[in-house]
Every structure is written in C-alpha cells, then in structure tokens.
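*Asks:* Quick one: sequence plus predicted model below, questions after.
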Amino acid sequence: MASTITDVAKLAGVSAQTVSRTINTPELVSKKTLDKVQRAINALDYHPNITARLLVNNKARSIGLFMPFSSDQVKQSLFFSTLSATICQFCSQNNLIMQMFTSMSREDSSQLFVKLFKERQVGGLILTCPSVSNEELIYLLSEKIPFIIVGRPGILTAQIPYVDVDNVKAGTIAVEHLIQFGHRRIGFLNGPSNMTLSIDLREGVTAISRSFPELEILEAETNLTLECGYIEALKLLQTENRPTAIFTADDLLAVGVKKAADELNLRIPEDLSIISGVQNGWGHILPYKLTHVDTQFEKLGDIAAQHMARYILHEEPINLSTLLEVRLVEGQSCGYVS
C-alpha cells in the first residue's frame, strides 16, 4: 500500500503540514527539517499527489497551450515546435505543467477551455495564431478565463493581453529589399486569410507598394505547409509573365518555392529571388543562406509563459501588449533582375 504524507510526518517526527511545506517550498524550512523529511520520503518511497501539489491559491498550476491547426500542420511547423519547447522549459523550471491542445475548431476549443478552467485542470491559457474573428475572445472574456495571445488579436483592448512580432514592418522591409534589387513583379505567398498574421503582412506589403505604382504584387493564400507552398509557387511560376521574386510568410513556404523552382529549372537567385518573413528553422536546409526577416520569435513563448505564470502564482493582472522589433538579414537568395 502506498505511503501517505501522514506516514512521512510520523517517521520524520514532524507535522503533516511541515512535510507539505518541505515538499512545496523547501527554501522556507531549515536544513535540519529538510534532511529529516527527505530521509523519511526516501525510506518510505513516498510520491506526492501531483494533482494536489499543482494547486496554488485554489488554482491549477497548469498552462494550456492552444494551436488552431491540425496535428499534421503543427508537426510541420518549427514555429510551434520552438514555441511549445520554450513554454515547456519555462514550466519545468517553475513547477508548472504545460498542456497542449490542437484543433481546427476555435469555438469548440473555447468551450473546452472554460470547462477545464472551472474544473481547475488549467490555470490559464496561451492562445496562438489569432483569427480576425473575435467571438472566441469575447466568450473567454465573458467567462473570466485568464489568457494571453501569441499574435495580434482581432481587437485591440486592454482586456486582451498579447505579444507578437511586428509583422507589418516585416512585410514592408521584405518587399522593400526586393524592390532595391529591381523587382517589380513579386509573388507573395501569404498565410490563411483568417489569421491576423496574414492581415499584418499584407498591410506591410501594401504600405510599401503605395510608393511604387508600377509594382505588381501577386498574392496567394496558403495553409503554411510545404506542399501548399510548392503548389502555389508552381502556379505563379508557370504563368506567362511570371514574378521575378517571391516573398513568403515563413521559411517552410520558401522551401516549397525552391522545390517548384527546381522543377522548372529556375536558379536561385539568378532567375528567381526568394525572401521569407521569418526564419523558423526550415530555411537552414536550403543550399544557400536564405534572406529573411529576423523576428525574434524565439522570445514569444517565454514572454507569454512568464505573464501567465504571474497570474497563476501571484494573481497579478495580465496587462501586456508587446510588439517585438524585426530586422532584415541578408542571405544569398536575392539577386538583381536579369
């Protein structure tokens, strides 16, 4: 039969409350008490009830991470891999648990999150890739569910905390760089039309386009997968008056563009220039250094987890609206129009 906290207390000669305090906040007990309790725990092979331990101030010490994509899309995305790994590491260092959810249906997920929060299975949520639709956020706010968004929300208000990269600027500096190389007919592989990421990138592209009336932007929507990037790039590059450069929302799409270019015997950058709005990691497999926008996206998970932890552990209100700066990183994938 499994040992209990009472058994540990009896063997160590202390109260059950002291054992609990020693396990949860060892820095608050003396070394003598810590040693006695630890010896008793080892002797009895005692394992604390994780569910009980992960409740603080009647809140679950658990952060739910939601990704509104299918499992196949998440598997292809190094953005999600980096984000979840960063949040998981933060949780392990702060005695928290991370739970990850993927789903194509935001509405069903919102109802699930309310249920999990009220049952104290999660203490707060990190939502990713926000949509231009706001019903989900309004519902969570009405149910008083604590959350933070990685990405720009569809509505900007002090009640909705978020952290994002400056995707508007990313779109502007990417296309501006291509213009400097003489490109005037540019393909643009954007993300899903319902994501604020795609809206912001388009806004940045549109902003720089106003200064160059002769500029032609050929935009195509993608689901941010390799196959979709390849298919949409092939369509663009097979047109009679094909673009001389392509701007992609991320580097996985850029890999898809390279695949299409190879199939059509187009050289990079002699025949076609490629620039990516972010370097998530896939760009490193290309045989040249990919010109891209450095968005500091690696910091997003840690910032979001820190703010959610403050709420769970200290009941601090989460008021955050942060945009990370971006900068151009020149590689070898852009060249002058021949």
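*Replies:* Yes, it's here. Numbers count the residues shown, from 1 in each chain.
*Asks:* next SSE after the host helix or strand of Gln306?
*Replies:* Using DSSP states H and E, Gln306 sits within helix 300-314. As assigned by DSSP H and E, the chain's next helix or strand after helix 300-314 is strand 321-324.
*Asks:* which secondary structure elements does that following strand contact?
*Replies:* Counting contacts by 3 or more C-beta pairs under 8 Å, 6 or more residues apart in numbering; DSSP states H and E, strand 321-324 packs against strand 162-165. All C-beta spots, glycine's among them, are computed from the backbone N, C-alpha and C.
*Asks:* Direction included, what does the strand it packs on pair against?
*Replies:* Here strand 162-165 is paired, per DSSP bridges, with strand 147-150 (parallel), strand 321-324 (parallel).
*Asks:* gap between the residue lying closest to Pro243 once chain neighbours are set aside and Glu176?
*Replies:* Sequence neighbours aside, Gly187 is the residue nearest to Pro243 in space, at 3.9 Å (criterion: C-beta to C-beta, 6 or more residues apart in numbering). To Glu176, Gly187 is 16 Å away according to C-beta to C-beta, to the nearest Å.
*Asks:* tell me which strands and helices the helix holding Gln306 is in contact with?
*Replies:* Contacts defined by 3+ C-beta pairs under 8 Å, 6+ apart place helix 300-314 against strand 62-67, helix 78-93, strand 124-128, strand 147-150, strand 162-165.
*Asks:* let's go with 7 Å and repeat that
*Replies:* helix 78-93, strand 124-128, strand 147-150, strand 162-165 (3 or more C-beta pairs under 7 Å, 6 or more residues apart in numbering; DSSP states H and E).
*Asks:* Identify all contacting residues around the third one.
*Replies:* So the one you mean is strand 147-150. Where contact means C-beta atoms under 7 Å, 6 or more residues apart in numbering, the residues beyond strand 147-150 that reach it are 83, 124-128, 130, 140, 160-163, 300, 304, 307-308, 318, 320.
*Asks:* what sits against the residue nearest to the spatial centre of the chain?
*Replies:* Relative to the mean C-alpha position of the chain, the nearest C-alpha, by C-alpha atoms, centre = their mean, is the one of Leu83, at 4.5 Å. By C-beta under 7 Å, 6+ apart, the contact set of Leu83 is 128, 150, 300-301.
*Asks:* okay, these in a markdown table with pLDDT and neighbour count next?
*Replies:* Output for these, formatted as a markdown table (pLDDT from 0 to 100; neighbours: other C-beta atoms under 10 Å):
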| residue | pLDDT | neighbour count |
| --- | --- | --- |
| Thr128 | 88 | 20 |
| Val150 | 94 | 25 |
| Leu300 | 95 | 25 |
| Gly301 | 94 | 26 |
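*Asks:* okay, now the domains of the chain?
*Replies:* The chain breaks down into these domains under automatic domain parsing: 5-48, 62-165+298-324, 167-294.
*Asks:* for those domains, which one ends up most surrounded?
*Replies:* Counting by mean count of other C-beta atoms under 10 Å, domain 167-294 has the highest mean neighbour count of the domains of the chain, with a mean of 20.
*Asks:* I'd like the average pLDDT over that one.
*Replies:* In this model, domain 167-294 carries a mean pLDDT of 97.
*Asks:* need the strands for the stretch 101-250 of the chain, in chain order.
*Replies:* For the stretch 101-250 of the chain, the strands defined by DSSP state E, counting those that start in this stretch cover 124-128, 147-150, 162-165, 185-190, 216-221, 245-248.
*Asks:* In JSON lines: those strands, plus distance to Glu227.
*Replies:* Output for the strands of the stretch 101-250 of the chain, formatted as JSON lines (distance: least, C-beta to C-beta, whole Å):
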{"stretch": "strand 124-128", "distance to Glu227": "22"}
{"stretch": "strand 147-150", "distance to Glu227": "25"}
{"stretch": "strand 162-165", "distance to Glu227": "25"}
{"stretch": "strand 185-190", "distance to Glu227": "12"}
{"stretch": "strand 216-221", "distance to Glu227": "14"}
{"stretch": "strand 245-248", "distance to Glu227": "14"}
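*Asks:* Ok, which of the ones you listed comes nearest Tyr230?
*Replies:* For these, proximity to Tyr230 was assessed by C-beta to C-beta; strand 185-190 is nearest, at 10.1 Å.
*Asks:* quick check: angle from that closest one to strand 216-221?
*Replies:* Per axes from the mean of the first three to the mean of the last three C-alpha atoms, to 10 degrees, the angle that strand 185-190 makes with strand 216-221 is 20 degrees.
*Asks:* next one: strand 185-190 to chain centre, how far?
*Replies:* 24 Å (C-alpha atoms, centre = their mean, to the nearest Å).
*Asks:* Could you tell me which strands sit next to that strand in the sheet, and their orientation?
*Replies:* Using DSSP bridges, the strands paired with strand 185-190 are strand 216-221 (parallel), strand 245-248 (parallel).
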